[in-house]
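> kindly generate the corresponding structure for this input.
(2 chains)
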Amino acid sequence: MVPDELELTWERLRGAVSARRATVDAAQWRAGAEALSRESGRLVALWGSDRRDLGEGFDVQAAFAVRDGLLVLRLPVPALHPAFPDISAFFPVAGRMQRALHDMLGIVALGAHDSRPWLRHGAWPPDVYPLRRDLDAATSFPASDAAYEFVSVSGEGVHEIPVGPVHAGTIEPGHFRFSVLGERVMRLEEHLGYKHKGIEKRFESMRIEDGARLAGRVSGDSTVAYAWAYAMAVEGAAGVEPPARALWLRGLALERERVANHLGDLGYIGNDAGLGFALSQFSRLKEDWLRLNAAVFGHRYAMDFVVPGGVASDVDSSGIARLEAQADRIEREVRALRDTFEEHAGLQDRFRTCGIVTTELAVRLGLTGLAGRASGRSEDLRADLPSPPYDQLDVQVARHGDGDVAARVSVRFDEILESLRLMRLILDRLPAGALTIGCPDPAPGASGLGWVEGWRGEVFVALECAPGRGIRRCHPHDPSWQNWPLLEHAILGNIVPDFPLINKSFNLSYAGVDL
Amino acid sequence: MPILPFASQFLETLLAVLAAPLLIGWVNQCRAWLQNRSAPGLLQPYRVIRKLFRKESVLAQNASPLFRLTPYVVFGSMILAVSIVPLVATGLPLSPVADVIALVGLLAFARVFMALAAMDVGTAFGSLGARREMLVAALAEPALLMVFFMPSLIAQSTSLTTIVETLAHRPFALYPSLAFAAVAFVMVLLAENARIPIDNPATHLELTMIHEAMILEYSGRHLALMEWAHALKLVIYFTIGIALFLPWGIAEAGNWIAIPLAIVALAVKLAVGGAALAVLESVSVKLRIFRAPEFLATAFLLAVLGMLTHVLLGAGT
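So this is what the prediction gives:
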């Protein structure tokens, strides 16, 4: 699946992720992206780094998923007027990543049809790029008012509804601009970036072991996935492997994270359709689930359980017994609630044909993760490129072809049941041995990648190390980058009051993309 | 002029106004129990209203006097409406003031003010809520009138007092047509009081709101009055339903001894009705807003069917 005609020299990257990297020029960058798009590769992440202090220019890198792993294209760009060819023509999902890249590093995507700022909200002056290494992170700037130009829809009777960033409920901030005709949505435009807090800049002043804590906090609901992806990147950079028991316990924590989030989402999806019963039942199950997490992992969301080199604590035999007993009980209750959902005519009326993303659109625009699997895609890292412990678990991928809210609900139910099965297998076969090899010590300049199937989709981390166990650059990538633009499509032709339900059925991360 | 009827009218209205939040509290409590949640106290709506009265009322800079006036108009209309409905006794001084048609008009009057106030400040949500409210109202009001015509035909009068006296104090007779009207009335009650399946009183999702979207810009004492008026409206609908379909126990004009019993009967009926509302809300979900016309058209159809049944079975009963 590697585009051979490009004649690139691939360098195999160390680590658990099967990845190859090639340094390309601008023409190869564009041709590579085109070839990968033609051969149904997927864009996983796009990021840049400032290498001017090393006597070079900037770097733009893009990671693509192909059948046997990741391909990373690395494009050096000059320090003066840094620019690179736009690839959003081949991968529409690259659009926002390229805009964010410009906001952070000042590297221009040449030929991109949309060059509006994305993360830049007027918190720093136009000529300042926060991720450049010559900018001190402590510098503060007076906030200016940055007007954002929304695409306007004109026509008889069309009007706009601005929603957010402050909402009536306690949810993350994001602005949604609806252009509606009566109740029918003609266009939705998202404007995010309100939670930008300089996470990438913060990484650069941290040591590797502290970075693990920050990585686990990029998006709190995916803390295990991020911490694992980060740990994978550190271990890859150092060329070490954590003990088997640690990997299996990470798998346990990741599946528990998946179940916890799915339980919460199912309750909220029901509640958004007006079924308060669903919320109270699923909240109860989730709360039980989190309390056992606290007892077993020492934290309700297993935060800081995964550390570079292994895991922070062990699960003893009494913990295993409790986890197994709970899995049995939750499975019974989830099956009963699934029947309630599926037999509730009113609920099904709200769910079915609501917020459809067709398979064709999902493929073309790169929908990923859970939402992708509800729209007929079948990618799941746990099954496609299984790393331990998943290579021994034979993960069954939950799929649905309808792409509506009902499909995303159904995939969640299927994944809960599959995760419960995986958890039982993990608990059954948990290998004995050490928990950690201690925090690895990668060489300065070494780089590593982490790629983990979180509950929402693929969480990706690219890490480059600095001398003294420091971090030169760390780019955490949330699958929400891929899926936010699809939400704009899912709502088209639906009515305004169905948006919260559709939005909740995706449940994307704001913090994860605002960084 | 006899003092007693007027004192009685005053006390009845006062009782209804003061006790109105209790019904909301009871419905919320029942809902919480049905969802396995620990319920808020029965007096929670009073605490909310007290809290709001103590808070500063923040007004949008471009709010017109209409915006400030509306809470008082709405609250006042509800007080008048609740005075018209025979709660515990018929033949009170205010009863002849208005018949059921005027009552529908009074409720519509309050609604028009609310919709205008919602659009007054010019926020997207206010207009959104007002638009949806008018969609629901345009369909609910005819259905409500049809519901009222049914018992009016039986009682040969549109006065609530006459209807109650006819239905409650005549020898018991079974009116199948009233069953149709009762179902239609419950559907209208759900729609008019912003309950599931038309609206969701517990929602925090601004895009799905109807009633809540209209009062989104209100705060402090204005919001307190709006909330209180909303509680009163639910009581009005419940008591209309009781007067039309379960009038037994309402004291006859001049029969002062029966009043304590009537109060107990009313409390029991409201409690049962509130619990039933909570059950209805817990087992159903909110309809897509474009299903609301179908829902209300069904209510209208049922009311018409009730009338037809009445006419076909002969009005001689």
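
> who's sitting farthest from the centroid in the chain?
Since no chain was named, I'll use chain A. Farthest-out residue of chain A from its mean C-alpha position, per CA atoms, centre = their mean: residue A:156, at 39.3 Å.

> let's do chain B instead
Outermost in chain B, CA atoms, centre = their mean: residue B:61 at 32.5 Å.

> in what helix or strand does it lie?
Here residue B:61 is covered by no helix or strand, with elements defined by DSSP states H and E.

> distance of it from chain A?
18 Å (CB to the nearest CB, to the nearest Å). Bear in mind the C-beta positions are built from the backbone N, C-alpha and C, glycine included.

> with residue B:211 instead?
For residue B:211 relative to chain A (CB to the nearest CB), the value is 13 Å.

> measure how buried that residue is and give me the count.
24 (other CB atoms under 10 Å in any protein chain shown).

> pLDDT score for it?
Model confidence at residue B:211, expressed as pLDDT, equals 91.

> ok, now which ones touch it?
B:129, B:133, B:194, B:199, B:201, B:230 (CB atoms under 8 Å, 6 or more residues apart in numbering or on different chains).

> repeat that for 6 Å
B:194, B:199 (CB atoms under 6 Å, 6 or more residues apart in numbering or on different chains).

> again with residue B:83
Contacts of residue B:83 by CB under 6 Å, 6+ apart are B:13, B:94.

> separation between it and chain A?
With CB to the nearest CB as the criterion, residue B:83 and chain A are 34 Å apart.

> three-state assignment of residue A:49?
strand (DSSP: H, G, I helix; E, B strand; the rest coil).

> that one reaches residue A:59, doesn't it?
Yes - taking CB atoms under 6 Å as the contact criterion, residue A:49 and residue A:59 are neighbours in contact, 4.8 Å apart.

> neighbour count for these two, which is higher?
More crowded of residue A:49 and residue A:59, by other CB under 10 Å: residue A:49, with 25 against 21.

> so the strand or helix carrying residue A:318, near chain B or not?
Element membership for residue A:318 (DSSP H and E) is helix A:317-343. No - judged by CB under 6 Å from any CB of the partner chain, helix A:317-343 stays clear of chain B, getting no closer than 10.3 Å.

> buried ones in that helix?
A:319-320, A:323, A:326-327, A:330, A:334, A:337-338, A:341 (16 or more other CB atoms under 10 Å in any protein chain shown).

> among the residues you listed, pick out the one closest to chain B, please.
residue A:341 (10.5 Å; CB to the nearest CB).

> for the lowest-mean-pLDDT helix or strand in chain B, packing partners?
When the helices and strands of chain B are scored by mean pLDDT, DSSP states H and E, helix B:160-169 comes last with a mean of 82. Using 3 or more CB pairs under 6 Å, 6 or more residues apart in numbering or on different chains; DSSP states H and E as the contact test, the elements touching helix B:160-169 are helix B:124-155.

> buried ones in the helix it packs on?
With burial defined by 16+ other CB under 10 Å, the residues of helix B:124-155 counted as buried are B:124-133, B:135-137, B:139-155.

> out of those residues, which touch chain A?
residue B:124.

> so the residue of the stretch 1-150 of chain A found nearest chain B: helix, strand or coil?
Taking CB to the nearest CB as the measure, the point where the stretch 1-150 of chain A comes nearest chain B is residue A:150, at 13.7 Å. In three-state terms, and counting by three-state DSSP, residue A:150 is coil.

> and residue A:147, by the same measure?
Applying three-state DSSP: residue A:147 is coil.

> let me know the pLDDT of it.
Note for residue A:147: predicted pLDDT of 83.

> cool, residue A:124 as well?
Confidence for residue A:124, expressed as pLDDT, is 87.

> tell me how many other residues crowd it.
Neighbours of residue A:124 using other CB under 10 Å come to 18.

> and for residue A:27, nearest residue in space, chain neighbours not counted?
residue A:85 (8.0 Å; CB to CB, 6 or more residues apart in numbering or on different chains).

> returning to that earlier point: got the buried residues of helix A:317-343 as a markdown table, with pLDDT columns?
Shown next, in a markdown table, are these (pLDDT from 0 to 100):
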| residue | pLDDT |
| --- | --- |
| A:319 | 92 |
| A:320 | 94 |
| A:323 | 94 |
| A:326 | 94 |
| A:327 | 94 |
| A:330 | 95 |
| A:334 | 96 |
| A:337 | 95 |
| A:338 | 95 |
| A:341 | 93 |
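
> just checking: what are the partner strands of the helix or strand containing residue A:74?
According to DSSP H and E, residue A:74 maps onto strand A:69-77. Paired neighbours of strand A:69-77 in the sheet (DSSP bridges): strand A:19-23 (parallel), strand A:58-66 (antiparallel).

> please consider this matter closed, and thank you.
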